[in-house]
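# the following comprises the amino acid sequence and a computationally predicted model.
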Amino acid sequence: MGLVRHAASILLLQGQGLLPFLDGLSTNHVAGPCTTVFTNRAAKIIDVCEVIPVGEHVAVVGHEANKEALKAHLSQRILGQPITITDISDLNDVFIDTGDSQIPPDATVHVSFFGRVFVVPVKHNWQPTWTIDQWNEHRIAKLIPYHGYEITGVHHPLACGLGELVHPQKGCYIGQEVLARMRSRGKQGHRLVVGPNPVEKPTTPGKEHSLSIVRVQ
Amino acid sequence: MDCGTCDSATPLEVHRPDEVNVELTLTEKATTMLEDAFGDDRSHALLVGVLSGGCSGYMYDLQIVESTETPCQELNINGFRVLVPSASSHLLNGIEIDYVDRLMGGGFKINNPNASTACGCGESFS
């Protein structure tokens, strides 16, 4: 087991009503630390984020490639609410721990869908122990989707194996009608699977097995 | 985690659209229902706001309030004080507040020319 670097963005939200604000815009029930998905009206993924309360503030840890889209998505819905967003991505390194790695100094530890997440100040120059290839083999074995591979703007959360991040009883949020309809009708279109090589159109190719998103009836 | 709150990290500049002078209308039915709700006491106001959330990203928020700390434009429509938060003015300019009288899904309805989409229940728009 090891520690892999997560190419993360970190947005720090400060102000009042932060958790309800995030709850109203994402798929999971956000009342404390959790992983949740921000989706557009077609239920396609904008970003999958760790919600980490930090004192009175809340850190939203997403993927670096989605940062601008997430910033735009959140900021245009603040309206008159007393909420500010600060980009603290450059101040921290983020790692995903797949086992029992040593907790880095000053790390914020968060239990995520992906594993344990460590947010570490950059001054510690903490280093990963795993390569991306090792991380990918681990993901294939555990059927874990990841940013840029399965988690993209092309798919909705149910298609790429994030169903447990879509709260079944939650009220309205952007994309909810689409996801609720898929669930109630039992038709989600695609789903994440693992299979022995060769796999047609793998999303994460592995040495012996690969992940792919396949069409289902 | 280094949250940057004690050194150089500065908040992002949140995009805040320009405030516009809001014009809105109340239908005859909505006016009648408000007359029932307010009675002769016109010291209170109808607050017409927008919250984030809902199926389409924004939700209407109607309240009867005495006052609010939120910066608002104050209008006088058909004898009623109507408050519109300045931060939401760009989303509410030109709306028509109607009242739909039916057993299911009835109540105040907002017809909004700024909304490109709305969810089925009519409370959420984008």
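That came through, no problem. Residues are numbered from 1 along each chain as shown, chains lettered A, B, ... in the order given.

# what about stretch A:99-119, start to end distance?
Distance across stretch A:99-119, first residue to last, is 16 Å (Cα to Cα, to the nearest Å).

# tell me the pLDDT at the closest residue to residue A:90 other than its chain neighbours?
Excluding its sequence neighbours, the residue lying closest to residue A:90 (Cβ to Cβ, 6 or more residues apart in numbering or on different chains) is residue A:122, at 7.3 Å. Bear in mind the C-beta positions are built from the backbone N, C-alpha and C, glycine included. The per-residue pLDDT reported for residue A:122 equals 94.

# can you pull the phi/psi pair for residue A:122?
With angles defined as degrees, to the nearest 10, residue A:122 sits at phi -60, psi -20.

# bridge partners for the residue positioned nearest the centre of chain A, pull those for me.
Nearest residue to the geometric centre of chain A (Cα atoms, centre = their mean): residue A:48, 2.7 Å. Beta-bridge partners recorded for residue A:48 (DSSP bridges): residue A:37.

# that older thread, residues touching the residue nearest to residue A:90, list them.
A:90, A:91, A:92, A:93, B:2 (Cβ atoms under 8 Å, 6 or more residues apart in numbering or on different chains).

# same check on residue B:61?
Contact analysis of residue B:61 by Cβ under 8 Å, 6+ apart lists B:47, B:48, B:49, B:50, B:51.

# wait, residue A:81 touches residue A:24, no?
No - Residue A:81 is not in contact with residue A:24 according to Cβ atoms under 8 Å; the separation is 10.7 Å.

# quickly note the distance from residue B:4 to chain A.
As judged by Cβ to the nearest Cβ, to the nearest Å, residue B:4 and chain A stand 4 Å apart.

# and that residue, how many neighbours?
Residue B:4 has 20 neighbouring residues, counting by other Cβ atoms under 10 Å in any protein chain shown.

# same thing with residue A:183?
Neighbours around residue A:183, by other Cβ under 10 Å: 14.

# can you list contacts of whichever strand or helix holds it?
According to DSSP states H and E, residue A:183 maps onto helix A:176-185. With Cβ under 8 Å, 6+ apart as the contact definition, helix A:176-185 has outside contacts at A:27, A:39, A:41-43, A:156-158, A:166, A:168, A:170, A:188-189, B:55, B:119-120.

# what do you get if the cut-off is 10 Å, keeping everything else the same?
Residues outside helix A:176-185 that contact it (Cβ atoms under 10 Å, 6 or more residues apart in numbering or on different chains): A:26-27, A:37, A:39-44, A:156-159, A:163, A:166-168, A:170, A:172-173, A:187-189, B:54-56, B:119-120, B:124.

# and the pLDDT for the residue lying closest to residue A:6 once chain neighbours are set aside?
Excluding the flanking residues, the one nearest residue A:6 by Cβ to Cβ, 6+ apart is residue A:94, at 4.4 Å. Note for residue A:94: predicted pLDDT of 97.

# please tell me how far residue A:94 sits from residue A:119.
Here residue A:94 is placed at a distance of 5 Å from residue A:119 (Cβ to Cβ, to the nearest Å).

# before we move on, back to that, from residue A:56, how far off is the residue nearest to the centre of chain A?
Residue A:48 is 25 Å from residue A:56, by Cβ to Cβ.

# circling back to that earlier point, check pLDDT for the contacts of residue B:61 and point me to the minimum.
Lowest in pLDDT among the contacts of residue B:61 is residue B:51, which has 88.

# now that residue, which residues is it bridged with?
residue B:59.

# is the spatially most central residue of chain B in a helix, a strand, or coil?
Centroid check for chain B by Cα atoms, centre = their mean gives residue B:49 as the closest residue, at 2.3 Å. With DSSP: H, G, I helix; E, B strand; the rest coil as the basis, residue B:49 sits in strand.

# surely residue A:95 touches residue A:124?
No - counting by Cβ atoms under 10 Å, residue A:95 stays clear of residue A:124, with 11.1 Å between them.

# between these two, tell me which one has more neighbours.
Comparing residue A:95 with residue A:124 by other Cβ under 10 Å, the one with more neighbours is residue A:95, at 24 against 14.

# run through the residues that contact that one.
A:2-6, A:8, A:101, A:104, A:107, A:115-120, A:126-130.

# any low-confidence regions in chain A?
Across chain A, the ranges flagged by pLDDT under 70 are A:217.

# let me fix that: chain B
Applying pLDDT under 70 to chain B flags the ranges B:5-15, B:120-122.

# where do the strands sit along it?
Residue ranges of the strands in chain B, as given by DSSP state E, are B:25-26, B:45-52, B:58-65, B:72-77, B:80-85, B:96-100, B:107-111, B:124-125.

# quick one: strands adjacent to the first one?
It stands for strand B:25-26. strand B:96-100 (parallel).
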